[in-house]
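Asker: Quick one, fold the following:
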Amino acid sequence: MFGRWLGNRTNRVHRSPLAAVQTPPDAGVLSCRVLDPVNEPVAHAEFAVSDAMGRTVVTGGTDPYGSFVTTVPAGEYRLAVTAEGYAPYRATTLVGENSLASLGDVTLQVAPGPDLPATGDWEIEPTHSSIGFTARHIGLARIHGRFNTFAGAVRIADPVEQSAMHVVIDAASIDTNVRMRDDHLRSADFLDIQRFPTLEFYSERCVNRGGSRWAVTGALSLHGVTRTVTLDMEYLGLGNGMEGEMRAACRATTELHRDDFTVSWQTMLARGIAVVGPSIKIDLDVQLVPKS
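Answerer: Here you go, the predicted model:
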């Protein structure tokens, strides 16, 4: 990536690999490309370069093609590469003056995920779960809210990818901590709770994205419209509650566009700025317990 040919077809000169990189006389260049197990680039992997004394010299992230290049003083270095869902990679290399130390292609291995919940019926434990949302207000601030009343059941299958989920949310329980705003959100301009008293999500498909990351795809019914939605979920593992009961926990996010569900009420400020943004970010924190 550093080299190039100069000159015409009959008189070409091959320049140094470092010709395009400005380096001090006592420095060199360290580089590598980070790949996943199927040789796809790992974009935005984090790397840290430390010297022989363990002091951090350079930190940063890979580019969209999984590559990084850094200039460091000549010497011996330890490199650590980390990325979510993958086991860390570590290596030691020697960087010479005015030279390129390339580690070539570094392949990260998928990290083993936490133990999965046992097959069978589980349910959302509402006391330690939350369904929140964030909306943009007048193009500047963010409004945060939540739904206070909901219930859900999950049937864990073998294989787990065939598990099913059904969640029902009470639309009237919307809460942004401002009564006048909440009344407006319950009205026909937004959720129209008289006609559509619940929001429902049903899924029969989840796919592991590596390590503890999963994609949960299902049908969301909101405001009388049903659309396919994919949750970006992080499975946090198993634990025991205060009374010793088994629990499974996860976090999930997605983004909804209001127009997709015909929740299209809008008014504009004098400057042409929308009062409410077009998209809503959803944040879920869920704990499951075995169904009794």
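
Asker: Now for residue 161, how many residues are close by?
Answerer: Other residues near residue 161 come to 12 when the count uses other C-beta atoms under 10 Å. C-beta: built from backbone N, CA, C; applies to glycine.

Asker: What sits closest to the spatially most central residue of the chain if chain neighbours are left out?
Answerer: In the chain, the C-alpha closest to the average C-alpha coordinate belongs to residue 232, at a distance of 6.5 Å (C-alpha atoms, centre = their mean). Ranked by C-beta to C-beta, 6 or more residues apart in numbering and with sequence neighbours excluded, the top spatial neighbour of residue 232 is residue 253, at 5.3 Å.

Asker: So what pairs up with the one you found in the strands?
Answerer: residue 232, residue 283 (DSSP bridges).

Asker: swap in the one 4 residues further on?
Answerer: Listed beta-bridge partners, residue 257: residue 279 (assigned using DSSP bridges).

Asker: From residue 215, how far out is the residue nearest to residue 232?
Answerer: Going from residue 253 to residue 215 by C-beta to C-beta, to the nearest Å gives 11 Å.

Asker: ok, back up a step: run through the residues that contact the residue nearest to residue 232.
Answerer: Taking C-beta atoms under 8 Å, 6 or more residues apart in numbering as the criterion, residue 253 is in contact with 231, 232, 281, 282, 283, 284.

Asker: Can you check the pLDDT for it?
Answerer: Confidence at residue 253, expressed as pLDDT, is 96.

Asker: Could you measure from it over to residue 234?
Answerer: For residue 253, the distance to residue 234 under the criterion C-beta to C-beta works out to 9 Å.

Asker: can you check residue 261 too?
Answerer: Residue 261 sits 25 Å away from residue 234 when distances are taken as C-beta to C-beta.

Asker: When the two are compared, which one has more neighbours?
Answerer: Between residue 261 and residue 234, residue 261 has the larger neighbour count (other C-beta under 10 Å), namely 20 against 16.

Asker: coming back round to it: correct me if wrong: the residue nearest to the centre of the chain contacts residue 252.
Answerer: Yes: using C-beta atoms under 8 Å, residue 232 makes contact with residue 252 at a distance of 6.4 Å.

Asker: Which neighbours do residue 253 and residue 215 have in common?
Answerer: A shared contact of residue 253 and residue 215, defined by C-beta under 8 Å, 6+ apart, is any residue touching both; here these are 231, 232.

Asker: farthest-separated two in the contacts of residue 253?
Answerer: The two members of the contacts of residue 253 with the most space between them (C-beta to C-beta) are 231 and 281, at 12.1 Å.

Asker: Could you spell out which stretches of this structure belong to which domain?
Answerer: Residue ranges for each domain of the chain read 5-107, 120-290, as given by automatic domain parsing.
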